[in-house]
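1. What follows is a protein structure lacking sequence information:
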């Protein structure tokens, strides 16, 4: 098959897959709200916010958190299905990066994805707003805080 024909076939296949993925979102708001209530009790976003590379179980925790986000995305109604799917797929990518890379490699990989993370932030805001309005469930994650012992010096390193 000539290259242009293969390219068209690949584009058609990708387009069809996207239509099917979006068109098959059969989640109802009620089912989504039920799942959101469960997720809010053990919010997977908190796992990412509290990630600690020194924790030997961190990789498994990140993977489990991404899986939970996929469960929420699977239950999402059409109004937020794209946003929920984007968040879940980005969680997979982030879990892999945080597990597989360190130091400068990790910093570079995260910088390369800054635009994608901005899109996820926007999608997260829409998902949180929808969930709060339609379900009465708050998926907002409080920023993690750390406390140093009294008298101990503290430092904050910004990226």
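-> Arrived safely. All values reported here derive from a predicted model rather than from experimental measurement. Residues are numbered from 1 along each chain as shown.
2. Point me to the helix or strand that includes residue 124.
-> Assigned by DSSP states H and E, residue 124 belongs to helix 114-135.
3. Any idea how many residues pack against residue 31?
-> 14 (other Cβ atoms under 10 Å). C-beta here means a position set from N, CA and C on the backbone, and glycine is covered the same way.
4. Pull the contacting residues for it.
-> Residues near residue 31 by Cβ atoms under 8 Å, 6 or more residues apart in numbering: residue 75.
5. and the helix or strand where it lies, how far from the chain's centre?
-> Using DSSP H and E, residue 31 falls within helix 29-41. Helix 29-41 sits 16 Å away from the centroid of its parent chain (Cα atoms, centre = their mean, to the nearest Å).
6. Next, the angle helix 114-135 makes with it.
-> Computed by axes from the mean of the first three to the mean of the last three Cα atoms, to 10 degrees, the angle separating helix 29-41 from helix 114-135 equals 110 degrees.
7. residues of helix 29-41 that come out buried?
-> Counting neighbours by 16 or more other Cβ atoms under 10 Å, one finds that the buried residues in helix 29-41 are 29, 32-33, 35-36, 39-40.
8. Nearest to residue 140 among those residues?
-> Taking Cβ to Cβ as the measure, residue 140 sits nearest to residue 40 out of the buried residues of helix 29-41, at 9.3 Å.
9. shouldn't the closest one be in contact with residue 137?
-> Yes: the pair residue 40 and residue 137 passes the contact test of Cβ atoms under 8 Å, sitting 5.0 Å apart.
10. low pLDDT regions in this protein?
-> For the chain, the stretches with pLDDT under 70 are 1-26, 142-159.
11. all helices of it, in order?
-> All helices of the chain, identified by DSSP state H, fall at 3-23, 29-41, 44-49, 58-75, 78-100, 103-112, 114-135.
12. one step back: what angle do the helix holding residue 31 and helix 58-75 make?
-> Going by the same axes, to 10 degrees, helix 29-41 makes 160 degrees with helix 58-75.
13. which other helices and strands contact the helix holding residue 124?
-> helix 29-41, helix 78-100 (3 or more Cβ pairs under 8 Å, 6 or more residues apart in numbering; DSSP states H and E).
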